[in-house]
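# coordinates only, sequence not included:
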């Protein structure tokens with residue numbers, strides 16, 4: 001059992017009351033709960049991970065020494081019920097996939113891939129097992145990733161997206177929704193839609209209705225906890241047609257089959273309980289929950305979800321608040337980081353200035369070489385012309401000398417007699 005609150009005396013009072021009725025053992029500050037490792041940070045935040053649970057899962061699947069993968073699923077992956085042969089051990093497949101589903105508690109980056117392989121639990125094939133092993137290889141290469149939670153007084157916001165007709169077997173769409181409280185990711189969902197949609201707008205609107213339902217529940221929960229909200233929750237959608245349907249009071253005939261979803265979202269908008277805003281597709285974070293992405297796009301969206309590697313944080317990921325020595329270490333680390341950043345900036349500036357000066361120095365040399373080539377070309381042409389002229393004069397001179405010899409020479413009597 002976890003008991004949390006912002007008043008230590010009240011927490012202790014609740015524990016005492018429970019202990020008077022039940023036999024309890026107070027384990028102190030939480031560090032491990034149902035396989036989830038909890039680390040308190042210096043800013044009174046939390047970092048949640050399941051590294052030991054994932055290690056045990058890798059041992060169960062016998063791929064502890066496997067090479068890591070940059071993404072949990074390849075971009076052109078299209079799983080189907082009819083593409084390959086059944087696997088020899090379906091029980092192992094179900095066991096591993098069920099454990100992967102529990103891993104998504106702290107690893108939302110694999111939620112889409114896990115949701116995809118869960119759909120084939122009844123009769124798994126070789127292609128499905130290969131997809132599961134890729135997820136495990138991705139986890140083996142990202143064991144140190146944790147989800148961050150910070151103290152926040154922000155409002156609720158959500159992202160909604162869908163992948164229209166993504167399933168190659170029945171052409172149903174995939175819904176991806178996640179919600180933030182301030183900058184903390186607190187809810188995420190990947191779901192295959194129950195009906196086939198005839199347009200991408202309909203698929204996006206069903207995802208929007210799912211997001212609106214999740215936001216309504218979170219708002220109700222915060223009200224029960226007496227956490228006041230300043231503004232209406234915002235849902236970010238990358239489909240302008242879906243936003244137009246939510247704000248248009250005219251119910252079109254072509255949208256009768258999604259009439260309930262339309263009325264649900266529209267009532268929230270008209271009552272100022274919900275605000276819809278457009279987000280460009282390249283900035284749609286919910287894409288990570290609806291389709292396999294390239295490595296660059298996946299890493300970008302994973303960071304925006306709040307997943308951070310401890311290797312990039314160093315000692316700062318493991319220190320606890322209230323320790324003076326640790327605070328000194330943190331300040332020293334921050335100072336070192338600032339020095340490194342300033343040195344890198346100065347180095348880059350020096351390199352840029354040197355490159356500019358080098359280019360300025362090279363330009364006259366290039367111009368000189370061009371001039372030399374031009375001069376050498378002109379000299380060569382002049383020499384050829386002079387050579388041709390001198391050769392012509394020389395041959396003509398020889399011809400004139402021969403003709404003069406022929407004219408001036410007269411035969412002697414002896415030559416005539418001979």
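Looks like it arrived, so ask away. Because the structure is a prediction, the values reported are computed rather than measured.

# the helices in this structure, which residues?
Along the chain, counting by DSSP state H, helices occupy 8-21, 51-61, 90-103, 111-118, 126-141, 200-224, 240-247, 259-270, 295-305, 310-313, 324-408, 413-417.

# Would you single out the least confident of those helices?
Mean pLDDT values for those show the minimum at helix 413-417, a mean of 51.

# What values do phi and psi take at residue 120?
phi -120, psi 30 (degrees, to the nearest 10).

# quick one: it from residue 291, how far?
Look at residue 120 and residue 291: by CB to CB, to the nearest Å, they are 18 Å apart. For the C-beta atoms, the positions are set from N, CA and C on the backbone; glycine is no exception.

# now do residue 195
For residue 195, the distance to residue 291 equals 19 Å [CB to CB].

# These two: which has the busier surroundings?
More crowded of residue 195 and residue 291, by other CB atoms under 10 Å: residue 291, with 18 against 13.

# So the more buried one versus residue 301, what's the distance?
To residue 301, residue 291 is 11 Å away according to CB to CB.

# before we move on, what about residue 221?
Taking CB to CB, one finds residue 221 at 26 Å from residue 301.

# neighbour count winner among these two?
Taking other CB under 10 Å, residue 221 and residue 301 do not tie; residue 301 has more neighbours (19 against 12).

# ok, residue 80 - contacts?
127, 168-169 (CB atoms under 8 Å, 6 or more residues apart in numbering).

# run the last query once more with 6 Å
Applying CB atoms under 6 Å, 6 or more residues apart in numbering, one finds that residue 80 lies in contact with 168-169.

# repeat for residue 306
Shown in contact with residue 306 (CB under 6 Å, 6+ apart): 147-148, 185.

# now, which of those sits nearest residue 284?
Of all the contacts of residue 306, residue 284 sits closest to residue 185, with 15.1 Å by CB to CB.

# So for the closest one, what's the nearest residue that isn't a sequence neighbour?
Spatial nearest neighbour of residue 185, excluding adjacent residues (CB to CB, 6 or more residues apart in numbering): residue 306 at 4.8 Å.

# Now the phi/psi pair for residue 80, please.
Residue 80 has phi and psi values of phi -150, psi 160 when expressed as degrees, to the nearest 10.

# what's the pLDDT at it?
Reported pLDDT for residue 80: 87.

# That one and residue 100, how far apart?
Separation of residue 80 from residue 100 (CB to CB): 20 Å.

# Same check on residue 238?
28 Å.

# next one: residue 65
19 Å.

# who has more neighbours, the two?
residue 100 (25 against 7).

# For the closest residue to the more buried one other than its chain neighbours, list the residues it contacts.
Among residues not flanking residue 100 along the chain, residue 114 sits closest, at 4.8 Å (CB to CB, 6+ apart). Contact partners of residue 114, counting by CB under 6 Å, 6+ apart, are 100-101, 104.

# now these as JSON lines including distance to residue 353?
Listed next are the contacts of residue 114 as JSON lines, based on distance: CB to CB, whole Å:
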{"residue": "100", "distance to residue 353": "52"}
{"residue": "101", "distance to residue 353": "55"}
{"residue": "104", "distance to residue 353": "50"}
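
# Specify which member of those is nearest to residue 212.
Once CB to CB is applied, the member of the contacts of residue 114 that ends up nearest residue 212 is residue 104, at 22.5 Å.

# Give me the domain ranges for this protein.
In the domain annotation for the chain, the residue ranges read 28-151+292-321, 152-290, 323-372 (automatic domain parsing).

# Let's have those domains in CSV, adding distance to residue 10.
Formatted as CSV, the domains of the chain follow (distance: least, CB to CB, whole Å):
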stretch, distance to residue 10
domain 28-151+292-321, 16
domain 152-290, 14
domain 323-372, 25
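
# Which one of these lies nearest to residue 20?
With CB to CB, the closest approach to residue 20 among the domains of the chain belongs to domain 28-151+292-321: 19.6 Å.

# Could you report the neighbour count for residue 15?
14.

# can you check residue 50 too?
24.

# quick one: contacts for it?
Residue 50 touches 35-36, 103, 106, counting by CB under 6 Å, 6+ apart.

# Select, from the residues you listed, the two members most distant in space.
36 and 103 (10.1 Å).

# Restricted to strands, list the contacts of residue 306.
Those of these mapping onto strands are 147-148, 185, per DSSP state E.

# Highest neighbour count among these?
Neighbour-wise, those (other CB under 10 Å) top out at residue 147, 21 neighbours.

# List the beta-bridge partners for that one.
Counting by DSSP bridges, residue 147 is bridged to residue 48, residue 307.

# quick one: it and residue 122, what's the gap?
With CB to CB as the criterion, residue 147 and residue 122 are 31 Å apart.

# swap in residue 240?
39 Å.

# Those two - which one has more neighbours?
residue 240 (11 against 8).

# List the buried residues in stretch 146-155.
Of all the residues in stretch 146-155, those buried under the rule 16 or more other CB atoms under 10 Å are 146-149, 155.

# could you redo the residues you listed as JSON lines and give each row distance to residue 175 and pLDDT?
JSON lines is the format used below for the buried residues of stretch 146-155 (distance: CB to CB, whole Å; pLDDT from 0 to 100):
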{"residue": "146", "distance to residue 175": "26", "pLDDT": "88"}
{"residue": "147", "distance to residue 175": "21", "pLDDT": "89"}
{"residue": "148", "distance to residue 175": "25", "pLDDT": "86"}
{"residue": "149", "distance to residue 175": "25", "pLDDT": "87"}
{"residue": "155", "distance to residue 175": "23", "pLDDT": "85"}
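
# Could you tell me how many residues sit around residue 54?
Counted with other CB under 10 Å, residue 54 comes out at 22.

# What sits closest to it if chain neighbours are left out?
Nearest-residue entry for residue 54: residue 139, 5.1 Å, with adjacent residues in sequence omitted and distances by CB to CB, 6+ apart.

# Is the one you found in contact with residue 53, as I believe?
No: in this structure residue 139 lies outside contact range of residue 53 using CB atoms under 6 Å: 10.1 Å.

# So which of these two has more stuff around it?
Higher neighbour count among residue 139 and residue 53: residue 139, with 25 against 19, using other CB under 10 Å.

# So the more buried one versus residue 178, what's the distance?
Note on residue 139: its distance to residue 178, by CB to CB, is 20 Å.

# likewise residue 2?
Residue 2 is 23 Å from residue 178, by CB to CB.

# Neighbour count: the two, which is higher?
Ranked by neighbour count (other CB under 10 Å), residue 2 and residue 178 place residue 178 first, with 24 against 7.
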